[in-house]
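Following is a predicted model, sequence given first.
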Amino acid sequence: MVGVVGAVAVGAIALRRGEPINALWLVVAATCCYALGYRFYSKFIAVKILALDGLRATPAERLENGRDFLVTNKWVVFGHHFAAIAGPGPLVGPVLAAQFGYLPGTMWVLAGAVFAGCVQDFVILLFSVRRDGKSLTEMAKDEIGRVGGFVAYVAVIAILIILLGVAALIVVNALKASPWGTFTIAMTMPIALLMGVYLRRIRPGKVLEVSALGFVLVLAAIWGGQYVSQNEVLAKIFTFSAPTLAILIMVYGFAASALPVWLLLAPRDYLSTFVKLGTIALLGVGIVALHPTLHMPALTRFVDGTGPVFAGKIFPFAFITIACGAISGFHALISSGTTPKLIARETETRMVGYGAMMAESAVAVMAIIAACVMQPGVYFAINSPAGIVGQAPTTAAATISSWGFPVTAADMQTLARAVGEQTLYNRTGGAPAFAVGMAHIFSHSLGGETFMALWYHFAIMFEALFILTILDAGTRVARFMMQDALGHVYKPLGRTSWYPSILGTSGLIVGAWGYFLWQGVKDPLGGINSLWPLFGISNQLLATVALCVATTIIIKMHRAKYAAVTLVPLAWLVAATFTASWHKMFDANPRVGFLAQARVLNGGPMTSSTARVIFNNRLDAAVTGVLVVMVTLVLVESARQWIGILRGTREAPVKETPFVKTRLVEERG
């Protein structure tokens, strides 16, 4: 029955043309796809390929040290993992890709999550659990070989620094004029500390109690944020400049990496999950209650690559822009970083790995709906840069209307006033458009038009909360990788519980992404701003490395007949990501190719700003090329392993930790 209902819903989305469809079709299709994927596909992987064993002791039990390795309740682990992986991608990417219409994004999010993203997160998590919680780079060295492992390490750490720097800058930009968001997010930190102490010292194991406490306190923090934003004195206290926010974020990243995981990181991520999943559930209820119409067509005229939001055709750019909602390499770092050190039993990896990614994919579906319930003219007015549509409101409205998506300057001014903004033109990046769409749904189903501004600013805070949680977990994961590498030089540095190593490696990682963040905050053309265009490609190249490692281990486990489970997503990622990389480097269209844009600018009037942009484009092209070469080397080394093992000319020892029976009593009920 679920299969039939899902097929009808997917068919309605895929085949309906010429008339708007109801957003409920997307909700029903997603619900059915996720239900079938989790019930059958993840079960197939768990039984036939991974052979999950509930009697096998996990590293959280065997290596428990009260700091990084810690047996943790599965719901807390789920909350931590979901919060850690759910960054800007599932919110921003689908909104930007909506310029192609609702169809490409929806199909990729559903298929990509069930058959690629959830699979990657699940298998990498289990493989790390069986290897004492080793990082992705250490597993690459052990399974692919020293050459492939070294190249993977350099590529992964470089990509991770870029991802963390970009995420930090998004948070700074979201909070620098938002006392509401700053207050609420600041309050989640002492609340998390209280929850950690409560669960560890005051009432050990009472997850339901601490969940209720955290839920009440976070609601109070959200309400308090609104009060702060409306109080002139308090608003000034919680309104920070971009440089100040950058420093505070760096301090938080260091603390989250260095403090015991039970004290700040896990409870804060678990706390964030209340807001994240609660808001998404509320958004789903609003969609069911309002059943809004998707005004964006299934396919727009911009499938030809001339889109105003970003240039490039559906293939490959839709699959690079929509990253985290379908598959994300960053998730593999969390699945081989903090999470495997908290898992109490192997059997929980299915719910945490496959299930948390499924929840993130649901967030992406909601983001698509939020973007597409707006009138297309409004969507393009918000997301199109001034260089494409013009600076003046009347000019921008006329340009967008000429594309066949009518909008007026008066409409945009009315909408801006309704959400409490001066203007909504040229608010590129996807976050404002998501906030407007979310406010539209909530205000029409919960509270009416008078609450539009409240819901808009709540959505901005919600997005910042989403993004900040990848910084803490990402920094800790990078610290683990740095410790793994330095442990080969001096053994004590490789001990995750040795405090000098913890402080030193945490400082190195925060210093790396913090430097790029600081330069980006001080200079609009410098620091992480110069590497911003590499975000999507870098993330998918990271997923390519993760799937190489996963496929190699599956073949070594003598499960080669099931290798297509990871090999097919790997092949698709290689095709999409390498094609996108080639276009970004060498495409003749200056809106697409880095080098083409540099050539065009080099032929015009030269100013200091122009020279910087030319340098940034050439730098982006060079970095893209280096990353592609490194990932290609990992692919080649992996393929050599696969061929040698299948031919019988290469030994295939499985590098798992020997079986140790668990001492934990199996939970029942």
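Good, I have the coordinates.

Strands of the stretch 1-150 of the chain, start to end?
Using DSSP state E, counting those that start in this stretch, the strands of the stretch 1-150 of the chain run over residues 21-22.

With the chain instead?
21-22, 293-294 (DSSP state E).

partners of the last one in the sheet?
Applying DSSP bridges to the sheet, strand 293-294 is found paired with strand 21-22 (antiparallel).

wait, what's in contact with Val77?
Val77 makes contact with 266, 339, 342-344, 348, 352 under the criterion C-beta atoms under 8 Å, 6 or more residues apart in numbering. Glycine gets a C-beta too; all of them are placed from N, C-alpha and C.

and with 10 Å instead?
60, 70-71, 266, 269-270, 338-344, 348-349, 351-352, 356 (C-beta atoms under 10 Å, 6 or more residues apart in numbering).

Buried deepest among the strands of the chain, which one?
strand 293-294 (a mean of 18; mean count of other C-beta atoms under 10 Å).

contacts for that strand?
13, 16, 19-23, 25-26, 98, 101-102, 106, 368-369, 371-374.

hang on, the earlier thing: for Asp484, which of the strands of the chain is the nearest?
strand 293-294 (46.5 Å; C-beta to C-beta).

where along the stretch 501-650 of the chain do the helices fall?
528-531, 535-556, 564-586, 594-602, 608-647 (DSSP state H, counting those that start in this stretch).

Show me what the longest one is packed against.
In terms of contact count using 3 or more C-beta pairs under 10 Å, 6 or more residues apart in numbering; DSSP states H and E, helix 608-647 is assigned the packing partners helix 136-144, helix 146-175, helix 528-531, helix 535-556, helix 564-586, helix 594-602.

Dump the ones you listed into JSON lines; add mean neighbour count and mean pLDDT as well.
Formatted as JSON lines, these follow (neighbours: other C-beta atoms under 10 Å; pLDDT from 0 to 100):
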{"stretch": "helix 136-144", "mean neighbour count": "26", "mean pLDDT": "90"}
{"stretch": "helix 146-175", "mean neighbour count": "23", "mean pLDDT": "83"}
{"stretch": "helix 528-531", "mean neighbour count": "22", "mean pLDDT": "72"}
{"stretch": "helix 535-556", "mean neighbour count": "26", "mean pLDDT": "92"}
{"stretch": "helix 564-586", "mean neighbour count": "20", "mean pLDDT": "95"}
{"stretch": "helix 594-602", "mean neighbour count": "18", "mean pLDDT": "91"}
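
could those go into CSV alongside distance to Gly474?
Converted to CSV, the helices and strands packed on helix 608-647 look like this (distance: least, C-beta to C-beta, whole Å):
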stretch, distance to Gly474
helix 136-144, 13
helix 146-175, 5
helix 528-531, 14
helix 535-556, 12
helix 564-586, 20
helix 594-602, 26
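
Ok, which of those helices comes nearest Val47?
helix 564-586 (12.5 Å).

where does this structure have low pLDDT?
Across the chain, the ranges flagged by pLDDT under 70 are 205, 261-266, 268, 271, 445-450, 461, 465-466, 525-526, 665-669.

any idea how far Ala563 is from Val77?
28 Å (C-beta to C-beta, to the nearest Å).

do Leu96 as well
From Leu96 to Ala563 the distance is 33 Å (C-beta to C-beta).

swap in Phe240?
Phe240 is 50 Å from Ala563, by C-beta to C-beta.

okay, now Ala453: neighbour count?
Residues lying near Ala453 (other C-beta atoms under 10 Å) number 16.

start the count at 298, not 1, going forward
In the new count, where the first residue is 298, that last one comes out as Ala750.

Name the nearest residue to it, ignoring sequence neighbours.
Gly717 (3.7 Å; C-beta to C-beta, 6 or more residues apart in numbering).

who's in contact with that neighbour?
526, 736, 749-751, 753-754 are the contacts of Gly717 under C-beta under 10 Å, 6+ apart.

same thing but at 7 Å, please
The contact partners of Gly717, by C-beta atoms under 7 Å, 6 or more residues apart in numbering, come to 750, 753-754.

related to what we said a few turns ago, output the helices of the stretch 798-947 of the chain as JSON lines; include the columns distance to Pro594.
Formatted as JSON lines, the helices of the stretch 798-947 of the chain follow (distance: least, C-beta to C-beta, whole Å):
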{"stretch": "helix 825-828", "distance to Pro594": "33"}
{"stretch": "helix 832-853", "distance to Pro594": "24"}
{"stretch": "helix 861-883", "distance to Pro594": "24"}
{"stretch": "helix 891-899", "distance to Pro594": "30"}
{"stretch": "helix 905-944", "distance to Pro594": "32"}
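
Helices along the stretch 498-647 of the chain, start to end?
Under DSSP H, counting those that start in this stretch, the stretch 498-647 of the chain gives helices at 504-527, 529-534, 539-555, 562-587, 611-618, 626-632, 645-646.

got TSV for those, with mean neighbour count too?
Shown next, in TSV, are those (neighbours: other C-beta atoms under 10 Å):
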stretch	mean neighbour count
helix 504-527	17
helix 529-534	11
helix 539-555	20
helix 562-587	22
helix 611-618	23
helix 626-632	30
helix 645-646	27
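
and those helices as a markdown table, adding distance to Asp708?
A markdown table is the format used below for those (distance: least, C-beta to C-beta, whole Å):
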| stretch | distance to Asp708 |
| --- | --- |
| helix 504-527 | 26 |
| helix 529-534 | 30 |
| helix 539-555 | 31 |
| helix 562-587 | 20 |
| helix 611-618 | 27 |
| helix 626-632 | 38 |
| helix 645-646 | 50 |
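
Relative to Met484, which of the helices and strands packed on helix 905-944 is closest?
helix 443-472 (13.2 Å).

Check which helices and strands that closest one is in contact with.
Packing partners of helix 443-472 (3 or more C-beta pairs under 7 Å, 6 or more residues apart in numbering; DSSP states H and E): helix 433-441, helix 476-494, helix 539-555, helix 749-783, helix 796-819, helix 825-828, helix 832-853, helix 905-944.

how far out from the middle of the chain is it?
12 Å (C-alpha atoms, centre = their mean, to the nearest Å).

Equivalent analysis for stretch 871-882, please.
Using C-alpha atoms, centre = their mean, the offset of stretch 871-882 from its chain centre is 20 Å.

Of the helices of the stretch 798-947 of the chain, which is nearest Val302?
Among those, helix 861-883 sits nearest to Val302 (C-beta to C-beta), with 25.7 Å.

Give me the angle between that closest one and helix 905-944.
Put simply, helix 861-883 runs at 150 degrees to helix 905-944, going by axes from the mean of the first three to the mean of the last three C-alpha atoms, to 10 degrees.

what's the angle between helix 861-883 and helix 832-853?
Using the same axes, to 10 degrees: helix 861-883 against helix 832-853 is 150 degrees.
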